[in-house]
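Asker: How does the following fold in three dimensions:
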Amino acid sequence: MKTPTSDKPGEMTTLSQVMNKLHSKGYDNEFKMSDHGRMQPVEGEQIYDPEDLKIIKTYRFEGESDPSDSAVLYLLEDKEGHKGYVVDAYGMYSSHDEAGFDDFLKKIPVEDRDEQAIFGGL
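Answerer: Presented below is the predicted three-dimensional model:
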């Protein structure tokens, strides 16, 4: 999967490149929707409401020929500065069938940060 704009040398253009960068920087904290309609880490007990999180970066990836290859990665940060992520497919191909997932994401404030501010210099 590649993003439509990849003109910058060294720019991360695939989901796997971004995920590898996240893991290399210690951001292995995947979030999921809990049974009670709130977000929580896959490995952890903390439970978040939308106002407890902010989206600090969004990456969109589009399959070159297959729309089912399209995905979006949300890089999230909680009020204590802990970062994590959620990966989802676009629209009707969404990999999250939990009730309220899309509405929950829409309620999270967005603070789009530059990658260097997130990763400390790419």
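Asker: Backbone dihedrals for the closest residue to Glu30 other than its chain neighbours, please?
Answerer: Take Glu30 and drop its neighbours on the chain: the residue closest to it by CB to CB, 6 or more residues apart in numbering is Val42, 4.5 Å away. (Glycine included, C-beta is placed from N, CA and C.) Main-chain dihedrals, Val42, degrees, to the nearest 10: phi -60, psi -40.
Asker: Roughly how far does Val42 sit from Arg113?
Answerer: Val42 is 23 Å from Arg113, where distance means CB to CB, to the nearest Å.
Asker: Which residues belonging to the lengthiest helix in the chain are considered buried?
Answerer: Counting residues, the longest helix in the chain under DSSP state H turns out to be helix 15-24. Neighbour counts over helix 15-24 (16 or more other CB atoms under 10 Å) mark Leu15, Val18, Met19, Leu22 as buried.
Asker: Would you mind putting the residues you listed into CSV with distance to Ile47 alongside?
Answerer: Shown next, in CSV, are the buried residues of helix 15-24 (distance: CB to CB, whole Å):
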residue, distance to Ile47
Leu15, 27
Val18, 26
Met19, 24
Leu22, 22
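Asker: on that earlier part again, Val42 and Arg113: which is more packed in?
Answerer: Between Val42 and Arg113, counting by other CB atoms under 10 Å, Arg113 is the more crowded of the two (14 against 10).
Asker: any idea whether the closest residue to that one other than its chain neighbours is helix, strand or coil?
Answerer: Leaving aside its sequence neighbours, Arg113 sits nearest to Ile56 (CB to CB, 6+ apart; 4.8 Å). Following DSSP: H, G, I helix; E, B strand; the rest coil, Ile56 is assigned to strand.
Asker: Next, count neighbours for Ile56.
Answerer: Count around Ile56 with other CB under 10 Å applied: 18.
Asker: count of neighbours near the closest residue to Lys79 other than its chain neighbours?
Answerer: Among residues not flanking Lys79 along the chain, Asp52 sits closest, at 5.9 Å (CB to CB, 6+ apart). For Asp52, the count of nearby residues is 15 (other CB under 10 Å).
Asker: One more: Leu73?
Answerer: Leu73: 17 neighbours (other CB under 10 Å).
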